[in-house]
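Chemist: Okay, predicted coordinates and the sequence, questions at the end:
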Amino acid sequence: MHHYTQGKPTRQGHKGIPEGMFEEEQGLDGFYGPVSHLIKENPSTRWVNIDGPLKPRMFDLVKLEQNSGMQRLLYNNDITISSLWLHPEPLDKMTARRNADGDWLYFCHKGGGQLLTEYGILDFIPGTYINVQKCITHSFLLKEVSQFFVIENRTSHFIEPDRGIVGRHAPWDMNALGKPDLDRLHAVIREKHLDIRDINIKHADEMTKITYDGNIFDVVGWKGDLFPFTLHMDHIMPIMSHRVHLPPSVHSTFVARGFVVCSFLPRPLEEDADALRVPFYHQNIDYDEVLFYHAGDFFSRDNLHAGMMSFHPAGFPHGPHPKAKDKVKTKTHTDEYAVMVDTRWPLKRDPFVDRLELGDYWKSWMKK
Ligand SMILES: [Fe+2]
């Protein structure tokens, strides 16, 4: 399509927005496709009422009980987003799990420990993504009670993002992946006298337990390019420009058929005097957006703490809260760690999640 302008646009997106005006980006294909920047006299978040189910929502996952187990929050055909609280199992009663419905991407929010897999052992701490592909048997050996933000990929397998012009070593280097260690798996099994015989398998969201006559972790060697791995947020190198605010797509960490997983990490703010330094107002027209706040200071939103999850369905614009523009003036860096999941098709809410909702979140852009 042709590039076209009307009225008084800016020369460069997210820069030189006239004083007192607001820029809104309207884009297709999740910031990859056709896009326009509209200069408006008022932000499009100045609604005074929303009547109907479509509205921005915020959920406080800190309210989830530590014994709530795997709790589905949002879902569609491609993806299930859940919270998982796990307690350490007694060593003589340890079990394994396997997901025949899709890949599990566990993001460790609290706690830590080791994941035993047939391919070897993986270590994790808060901030670690653990990618366990469909049907790979695994078992958690936890140091303490742990909470995970879990993304189930039901219609594809995770791949690395399109690295394009940034080359092969950003935003993360393939060598930064944590690989399973088979020798250490056997050492841990010997040392702790583990004899894990039960596998709980999820298929069509129904559970089946298979019991074996001996320890299931008996692999003595393997080769191939299918194996579970970890990636810690500290090993992701955020892409930024010191001159202009870049779209969230530069923070893509893993890509799936119907959605993308992005990591927001601490980074310097834009330096140019005329650069927008907070996330721009936008309509990510084709995608529902979910953000899980892991750690840090989330200055672009009011009353936000770690462990919360926002849900911004497609269909309306959003952007920074009114106070964020002033707050950012004193800042040189962002200090936030968050996981974003953008889905191509609309997400449904599990009825359970509504009890965690902060009902007035949609009013938080309104002038107080
Ligand atoms: Fe957004």
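Modeler: Structure received.
Chemist: Please identify the buried residues of the helix or strand bottoming out on mean pLDDT in the chain?
Modeler: None of the helices or strands of the chain scores lower by mean pLDDT, DSSP states H and E than helix 324-327, at a mean of 78. Applying a neighbour-count criterion of 16 or more other Cβ atoms under 10 Å, one finds Ala324 buried in helix 324-327. Quick note: C-beta positions are derived from backbone N, CA and C, even for glycine.
Chemist: With stretch 221-236 instead?
Modeler: Buried-residue list, stretch 221-236, by 16+ other Cβ under 10 Å: 227-233, 235-236.
Chemist: for stretch 108-127, same thing?
Modeler: Per 16+ other Cβ under 10 Å, stretch 108-127 contains these buried residues: 108-111, 113-122, 124, 126-127.
Chemist: Just the ones of those in strands?
Modeler: 108-110, 113-117, 120-122, 124 (DSSP state E).
Chemist: what's the pLDDT at Met1?
Modeler: We have a pLDDT of 69 for Met1.
Chemist: Check Thr45 too.
Modeler: Reading off the confidence values, Thr45 has pLDDT 93.
Chemist: Tell me the backbone dihedrals of it, please.
Modeler: The phi and psi values for Thr45, taken as degrees, to the nearest 10, are phi -100, psi 20.
Chemist: mind listing what it touches?
Modeler: Thr45 makes contacts with 281, 317-319, 365, as judged by Cβ atoms under 8 Å, 6 or more residues apart in numbering.
Chemist: Please convert the residues you listed to a markdown table, extending it with distance to Gly214, pLDDT and neighbour count.
Modeler: Below are those laid out as a markdown table (distance: Cβ to Cβ, whole Å; pLDDT from 0 to 100; neighbours: other Cβ atoms under 10 Å):
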| residue | distance to Gly214 | pLDDT | neighbour count |
| --- | --- | --- | --- |
| Tyr281 | 60 | 91 | 22 |
| Pro317 | 58 | 90 | 22 |
| His318 | 54 | 89 | 20 |
| Gly319 | 58 | 88 | 21 |
| Trp365 | 59 | 88 | 20 |
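Chemist: What about those residues, which are in strands?
Modeler: Judged by DSSP E, the contacts of Thr45 include Tyr281 as members of strands.
Chemist: Output the contacts of Thr45 in JSON lines; the columns should cover distance to Glu336.
Modeler: Shown next, in JSON lines, are the contacts of Thr45 (distance: Cβ to Cβ, whole Å):
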{"residue": "Tyr281", "distance to Glu336": "19"}
{"residue": "Pro317", "distance to Glu336": "21"}
{"residue": "His318", "distance to Glu336": "17"}
{"residue": "Gly319", "distance to Glu336": "16"}
{"residue": "Trp365", "distance to Glu336": "19"}
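Chemist: Alright, that wraps it up for me.
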